[in-house]
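Novice: Give me a model of this one.
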Amino acid sequence: MKEGEKILVFNNVRDQYSYLGLPVDNIDLRNEFNIHNLKDIHDVVPYKSPVFRANFFSFVFVKDAHGRYTTDDQVFNTVPGTIYFTNPGHYKSYVCQGIKEVCLVTLSEAFLKQNVHAAIFEEFPFLLAETVPPRVLEPEKFAEFEELYRQIDRQYLSD
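Specialist: This next block holds a predicted model:
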């Protein structure tokens, strides 16, 4: 982050995309949970985001894309098979060099507490970790996560 750089703050992914002029048609504001493929959002690449602070959790599953992700002062490459997680409050930015399939799941703390349980952070302390470095999984391990996020997406889009 450069000195004097304006930091944008977003409470949900719809506000973020609206501010950045990105499509929001598939982002449900009534929900504090959203899931979508970033190729549906970033149809022009390369794309470089501004620095922002998101007040929501993000789970990212990179099936087929290349780029770079910065959280606070740590920079990570994203390649096929990458999964990563960020919690609210960190300064972030990203660069997309190419996107074919990236599943982004965003949700609020309230959503977690309401739909899992109020003591969610006691059971899953990693949700409060400062920075969880991304991991690149072997294709067969990534496929297990892919099956789960596809099931979630189907339910999300259903009645």
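
Novice: ok, the helix or strand encompassing residue 36: who's next to it in the sheet?
Specialist: Applying DSSP states H and E as the criterion places residue 36 in strand 33-37. Partners of strand 33-37 in the sheet, by DSSP bridges, are strand 91-107 (antiparallel).

Novice: now the strand it pairs with: mean pLDDT?
Specialist: For strand 91-107, mean pLDDT is 93.

Novice: Equivalent analysis for stretch 18-32, please.
Specialist: Mean predicted lDDT for stretch 18-32 stands at 79.

Novice: roughly how far is that stretch from the heart of the chain?
Specialist: 13 Å (C-alpha atoms, centre = their mean, to the nearest Å).

Novice: quick one: contacts of that stretch?
Specialist: Contacts with stretch 18-32, where a contact means C-beta atoms under 8 Å, 6 or more residues apart in numbering, come from 8, 10, 12-14, 16-17, 34, 36, 40-42, 49-50, 56, 107-108, 110-111. Any C-beta I mention is one placed from the backbone N, CA and C, and that applies to glycine too.

Novice: any residues touching the helix ranked longest in the chain, and which ones?
Specialist: Secondary structure of the chain per DSSP state H: the longest helix is helix 139-157. Applying C-beta under 8 Å, 6+ apart, the external contacts of helix 139-157 come out as 33-36, 61, 63, 81, 83, 103, 105, 137.

Novice: before we move on, the earlier item: just the ones of the contacts of stretch 18-32 in strands?
Specialist: Of the contacts of stretch 18-32, the ones assigned to strands by DSSP state E are 8, 10, 34, 36, 107.

Novice: Looking at those, which is nearest residue 159?
Specialist: Set against residue 159, the nearest of the ones in strands among the contacts of stretch 18-32 by C-beta to C-beta is residue 34 (17.1 Å).

Novice: Check the gap between that closest one and residue 130 for me.
Specialist: Distance, residue 34 to residue 130, by C-beta to C-beta, to the nearest Å: 24 Å.

Novice: for residue 61, same thing?
Specialist: Using C-beta to C-beta, residue 61 is found at 22 Å from residue 130.

Novice: Now name the helix or strand holding residue 77.
Specialist: Assigned by DSSP H and E, residue 77 belongs to strand 74-78.

Novice: Give me the three-state assignment for the most centrally placed residue in the chain.
Specialist: For the chain, the residue nearest the mean C-alpha position is residue 58 (3.6 Å; C-alpha atoms, centre = their mean). Secondary structure, DSSP: H, G, I helix; E, B strand; the rest coil: residue 58 is strand.

Novice: Lovely, talk soon.
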